[in-house]
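*Asks:* What would the 3D arrangement of this be:
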Amino acid sequence: MQLYTAGTGNGQRAAIAVNECGVTCSIHVLNLAQGDQKKPEYLKINPTGRIPTLIDPEGPDEKPLTLYQSWAILIYLAEKTGKLRAHSPLARARTFQWVAEGASDMAPTAQNIFFLGNRMPEKVPDSAIKFYEERLATQFRAADQQLAHSPYLTGNEITIADIGLYPIYAGRKPLIDGAGLKNVAAWGERIGARPAVQKGMKLES
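*Replies:* Numbers count the residues shown, from 1 in each chain. Sure thing, here's the model as predicted:
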């Protein structure tokens, strides 16, 4: 396999998935600041000009597969390898819940905090950033309640839900820990201590 990625939350999520699932994969780290993702050779692979992109020469029906989107890559690798999958109906339902929550709301909220505070050409009112910070804390507060009863988001086993949400947590750790979410903080320590996670979080071009 080939993974084209970068040191963003989305890129880290895909790299962690590759490492956790134990697949043989060459990882190519793009320099987004230098525009590697917009170069013609990469656009031939992913015409959206975004990361990450996974290429599996032995995809479904033994045909090559090129897959975009970090959450899709995470789910695909879990299904392909049987790792990071929930095994009970309840755990699977919880996994779907947290993956949907992370992809549709938590990750975009974290991205809004970053863009409003760092990328907007004009000064953004502090109240706008505060709105999204409080929204993200509220979202993780629900996770904190779940983690009061189990070590991982869906029960006693780590799943794609935990791997999916971890880069969001790591990217906004001071904010989330500052909200007093002790169960989330302990969960973050458990996930962050995993060698595969540490390797996936440290991407260098």
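*Asks:* hey, let's count contacts and neighbours off CA atoms from now on
*Replies:* Will do.
*Asks:* and Leu67, that's in a helix?
*Replies:* No. Secondary structure of Leu67 (DSSP: H, G, I helix; E, B strand; the rest coil): strand, not part of a helix.
*Asks:* Tell me where the chain has helices.
*Replies:* 9-21, 40-43, 70-81, 89-101, 107-118, 126-147, 160-171, 173-178, 182-192, 195-201 (DSSP state H).
*Asks:* buried sites along the third one?
*Replies:* Of the residues in helix 70-81, Ser70, Trp71, Ile73, Leu74, Ile75, Tyr76, Leu77, Ala78 count as buried by neighbour count, 16 or more other C-alpha atoms under 10 Å.
*Asks:* That one to helix 89-101, inter-axis angle?
*Replies:* 150 degrees (axes from the mean of the first three to the mean of the last three C-alpha atoms, to 10 degrees).
*Asks:* Count residues in the vicinity of the closest residue to Arg92 other than its chain neighbours, would you?
*Replies:* Take Arg92 and drop its neighbours on the chain: the residue closest to it by C-alpha to C-alpha, 6 or more residues apart in numbering is Ala86, 5.0 Å away. Residues contacting Ala86 under the criterion other C-alpha atoms under 10 Å number 23.
*Asks:* go on, Leu203?
*Replies:* 18.
*Asks:* Same check on Phe96?
*Replies:* 15.
*Asks:* need the contact list for the nearest residue to it once chain neighbours are set aside.
*Replies:* Among residues not flanking Phe96 along the chain, Ala161 sits closest, at 7.7 Å (C-alpha to C-alpha, 6+ apart). Applying C-alpha atoms under 8 Å, 6 or more residues apart in numbering to Ala161 gives the contacts Thr95, Phe96, Trp98, Val99, Leu153, Thr154.
*Asks:* Swap in 7 Å and give it another go.
*Replies:* Contact partners of Ala161, counting by C-alpha atoms under 7 Å, 6 or more residues apart in numbering, are Thr95, Trp98, Val99, Leu153.
*Asks:* Adding distance to Tyr4, write those out as CSV.
*Replies:* What follows is the contacts of Ala161, written out as CSV (distance: C-alpha to C-alpha, whole Å):
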residue, distance to Tyr4
Thr95, 26
Trp98, 25
Val99, 22
Leu153, 28
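*Asks:* Relative to Leu32, which of the buried residues of helix 70-81 is nearest.
*Replies:* Taking C-alpha to C-alpha as the measure, Leu32 lies nearest Ser70 of the buried residues of helix 70-81, at 16.1 Å.
*Asks:* surely that closest one meets Ile16?
*Replies:* No. Ser70 lies out of contact with Ile16 (C-alpha atoms under 7 Å); the separation is 10.1 Å.
*Asks:* Would you mind giving the domain segments of this structure?
*Replies:* Domain assignment for the chain by automatic domain parsing gives 2-83, 89-194.
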